[in-house]
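# Need coordinates for the below:
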Amino acid sequence: MRFILTSLFFATIAPFSAFAQAELSFYGGMQSARSAIVSGNDPAGIGAFSFDSGWKEQPFDFTRNFGLRLTWWRNDDFGWGIDMSHAETKASDSTLSANGLNRLVLSDGLNLVTLNTYRRWRPAGRLLRPYVGAGVGLAVPNIEFDSGSGLTTGHQLTGPAIQWLAGASIPVGDRLSVFGEYRGSLAANSADLLGGGNLNASILTNALNVGVSLGF
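Prediction:
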């Protein structure tokens, strides 16, 4: 719900940008997460823990991996903006069984909110516009952790995040364009568990996305 409300906020303020061009983009696709060390303490359940977690592969699914960004292009080449990305991350079945867990999921996504800068090019005589971008921000995931002694669930501000991307766009109208891109992210998560426990995990993701942008 927070993600939807914030997205609506971005869409509302886009037409009032004072810069040369504002662009609202929606994207989705498929993502994967690298294995990560998950550590912490679950005093009501398994106690102190530290293990290498594998994550389930996520298919091409706009309901699990999606995002929205609002970009202000200061000129034809450089811009900056706000990006919100959602990437569901769920521990593999083998990870759960090997560590006495019933559930370990960032069920409402990593929910990264980053402030990004962008650089794009217009090759002579070509419609295709390559671009790159990078940014820093915060992770606000919904943590679900269950070791049999109770379920920790709820959104938490878990720590800093960085994001980087590279792609290309093609115009399909005066204000509309489509794009494809690679997007990577790294989020350093530190979450609270029931009973005064904690969980720490730095999660690296890679995603291939397609999307559409509307200029104002």
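
# any idea which residue of this structure is furthest from its center?
Gly125 (34.1 Å; CA atoms, centre = their mean).

# Surely it is in a helix?
No. Counting by DSSP: H, G, I helix; E, B strand; the rest coil, one finds Gly125 to be coil, located in no helix.

# Roughly how far does it sit from Val38?
51 Å (CB to CB, to the nearest Å). Every C-beta, even on glycine, is put in place using the N, C-alpha and C of the backbone.

# what bridges to Ala33?
Counting by DSSP bridges, Ala33 forms beta bridges with Thr205.

# do Ala91 as well
So, taking DSSP bridges as the rule, Ala91 has Trp55 as bridge partners.

# same deal with Gly167?
The partner residues for Gly167, given DSSP bridges, come to Tyr131, Glu181.

# can you pull the pLDDT of the residue farthest from the centre of the chain?
Per-residue pLDDT puts Gly125 at 75.

# ok, now which ones touch the residue nearest the centre of the chain?
For the chain, the residue nearest the mean C-alpha position is Ser85 (3.3 Å; CA atoms, centre = their mean). Each residue near Ser85 by CB atoms under 8 Å, 6 or more residues apart in numbering is listed here: Phe66, Gly67, Gly109, Leu110, Asn111, Leu112, Thr114, Gln163, Arg183, Ser185, Ala207.

# Could you identify which of these has the most neighbours?
The most neighbours of any of those, using other CB atoms under 10 Å, belong to Leu112, which has 27 neighbours.

# how much space is there between that residue and Gly184?
11 Å.

# Which neighbours do those two have in common?
Gln163.
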